[in-house]
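Undergrad: show me the folded form of this:
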Amino acid sequence: MNRDILKQIIIDQKEMYLDNPLIFRDYDLEENVNYCFVGIRRTGKSYMMYQQIHNLMNDGIPSSQIVYVNFEDERLLEVGVDDLNTILEIGIEFSGSKGKPYLFLDEIQNVDGWEKFVRRVADMKYRINITGSNSKMLSKEIASTLGGRFMIVNVFPYSFKEYLSANHIENVRLDQMSTKQRADIVSQYEQYVTCGAFPELVDIKNKRVFLNNIYQTVYLQDIITRNKITNDFAVRLILKKIAESVTKALSFNRLTNIVKSAGISIGKQTVINYVGHMLDSYLIFSLQNYAAKLIEKETSPKYYFMDTGLLGLMLLDCKTAQLENLVAVELIRRYGFENVYFFENNIEVDFYIPSENLAIQVSMQVLENVDTLERETRAFVKLNDFIPNTKCLLITNSEETKLNCDGIKIDVVPIWKWLLD
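TA: Next up, the predicted model:
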């Protein structure tokens, strides 16, 4: 690619990080560390870079030493791995005698062969940050190529605290909350769970149209086009069934039979591949059954959407599903994908976190429904027969109390308050 065109693009893109107001994201990032930010499109990965850039500039690093390139720019559609070295050369030219350039490469997965360039630059002791919207960036092969030179950070849509901050509600103290503050926060929560938490959504009035645009981009570009899928009807059907089955384990056999019942000839391996592409795009994620054997762990997980607003696009009556989905997202935000499970072995517990010995049930309301209360609390009692001394938490839409069931203490907490804890 022409060097002068690359240079002009780099100059033009400076406006992206200089002119964008920042909402500080609640991620604990270290100085002098190379980061790889990954996550679904529009979740704020670029803003994590902007935040890093502003921190550097606040520390006295001149903007001439900072090279930011967003590879989603249509002028970079034909860029190849050789052009990455040209970008480095331009950065060195801009920096002059001030020192090495700091590289920020956004959506780098769009460039074939990017891995070896990034490793070489890291070995040369350049500070480099990268983002990507495809979890194949974390495959064993690429992780081996990067050789531990980067810290991987999963970037999620706004947490509830970040969402409140973006709406100019900060420093919330649960122990010093007036009735009006409580009502305002509950109102914000209703919007948060219904419409989701993509950062740009805060200032957009027609939120459903914006969400649908994100969904269509992820669906068409990251799932269908990137993987050269021709049977898009089967993919839509699988996604619809996953949305309808949030809160329940769903096996590959079940999904295959559902697609076949619609008159589509499809094999189980193809279904497995399609679901894998959905996971790769970060549209959905999966949790395994802590109590299951290895094969069942891998083949019958629970699936959740990365954002509750996207789930809302797929369903008509979705409040219960969105509530549990939101808890799932918050748990992986707090504990990581690899540390959150569900528990199913003659009993059903929505979530189990082994490192905390914490069990969580989720229900819209329990105190006014005897059958629901009995079902949710009995699951905790039975779980303690398998795993003694488990901490038990029952998350509801609005109810709050403390229960004691056969000696098992259960905290009942409203979702909005738990999210702020």
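
Undergrad: where do the strands sit along this structure?
TA: In the chain, the segments counted as strands under DSSP state E are 35-38, 66-70, 102-106, 128-132, 151-154, 284-289, 302-305, 341-344, 348-353, 358-362, 391-396, 401-405, 408-414.

Undergrad: among these, which is nearest Arg182?
TA: strand 408-414 (10.2 Å; CB to CB). In this view, the C-beta of every residue, glycine as well, is placed from N, C-alpha and C.

Undergrad: pretty sure Gln13 contacts Ile66?
TA: No. The pair Gln13 / Ile66 is not scored as a contact, 10.7 Å apart, by CB atoms under 8 Å.

Undergrad: give me the more crowded residue out of those two.
TA: The neighbour comparison of Gln13 against Ile66 (other CB atoms under 10 Å) goes to Ile66, with 25 against 18.

Undergrad: I'd guessed the more buried one sits against Gln52; true?
TA: No. Contact criterion CB under 8 Å: Ile66 and Gln52 do not qualify, at 9.5 Å.

Undergrad: can you list residues touching both of those two?
TA: Counting by CB atoms under 8 Å, 6 or more residues apart in numbering, the contacts common to Ile66 and Gln52 are Phe104.

Undergrad: of all the strands of the chain, which one is nearest Asn257?
TA: Per CB to CB, nearest to Asn257 of those: strand 302-305, 16.5 Å.

Undergrad: for the closest one, name the packing helices and strands.
TA: Where contact means 3 or more CB pairs under 8 Å, 6 or more residues apart in numbering; DSSP states H and E, strand 302-305 is packed against strand 284-289, helix 308-314, helix 319-335.

Undergrad: what residues does it touch?
TA: Taking CB under 8 Å, 6+ apart as the rule, strand 302-305 contacts 242-243, 245-250, 275, 283-287, 289, 311, 314, 324-325, 328-329, 342.

Undergrad: in stretch 180-188, what's buried?
TA: Neighbour-count burial for stretch 180-188, with 16 or more other CB atoms under 10 Å as criterion, is recorded at Asp184, Ile185, Gln188.

Undergrad: will you turn those residues into JSON lines that also has pLDDT?
TA: Output for these, formatted as JSON lines (pLDDT from 0 to 100):
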{"residue": "Asp184", "pLDDT": "95"}
{"residue": "Ile185", "pLDDT": "96"}
{"residue": "Gln188", "pLDDT": "97"}
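
Undergrad: redo these as CSV? Include distance to Asn227.
TA: Converted to CSV, these look like this (distance: CB to CB, whole Å):
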residue, distance to Asn227
Asp184, 44
Ile185, 41
Gln188, 38
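
Undergrad: sorry, back to before: pull out the buried members of the contacts of strand 302-305.
TA: 242-243, 245-247, 249-250, 275, 283-287, 289, 311, 314, 324-325, 328-329, 342.

Undergrad: please enumerate the helices of the stretch 51-200 of the chain.
TA: 81-95, 114-123, 140-146, 160-166, 179-195 (DSSP state H, counting those that start in this stretch).

Undergrad: need the contact list for Val172.
TA: Here Val172 is in contact with Lys161, Leu164, Gln181, Ile185, Leu420 (criterion: CB under 8 Å, 6+ apart).

Undergrad: widest-spaced pair of those?
TA: Those two in these that are separated most widely, counting by CB to CB, are Lys161 and Gln181, at 14.4 Å.

Undergrad: what's the weakest-modelled helix or strand in the chain?
TA: helix 140-146 (a mean of 76; mean pLDDT, DSSP states H and E).

Undergrad: now find how far off-centre that helix is within its chain.
TA: Relative to the centre of its chain, helix 140-146 is centred 21 Å away, using CA atoms, centre = their mean, to the nearest Å.

Undergrad: over to stretch 136-147?
TA: For stretch 136-147, the distance to the chain centre is 19 Å (CA atoms, centre = their mean).

Undergrad: and stretch 269-281, by the same measure?
TA: 17 Å.

Undergrad: now do that stretch, average pLDDT.
TA: For stretch 269-281, the mean pLDDT works out to 97.

Undergrad: okay, buried residues for it please.
TA: Thr270, Val271, Tyr274, Val275, His277, Met278, Leu279, Asp280, Ser281.

Undergrad: tell me which of the residues you listed is nearest to Glu296?
TA: Val275 (15.7 Å).

Undergrad: pretty sure the closest one is touching Ile238, no?
TA: Yes. Between Val275 and Ile238 there is a contact at 6.6 Å, judged by CB under 8 Å.
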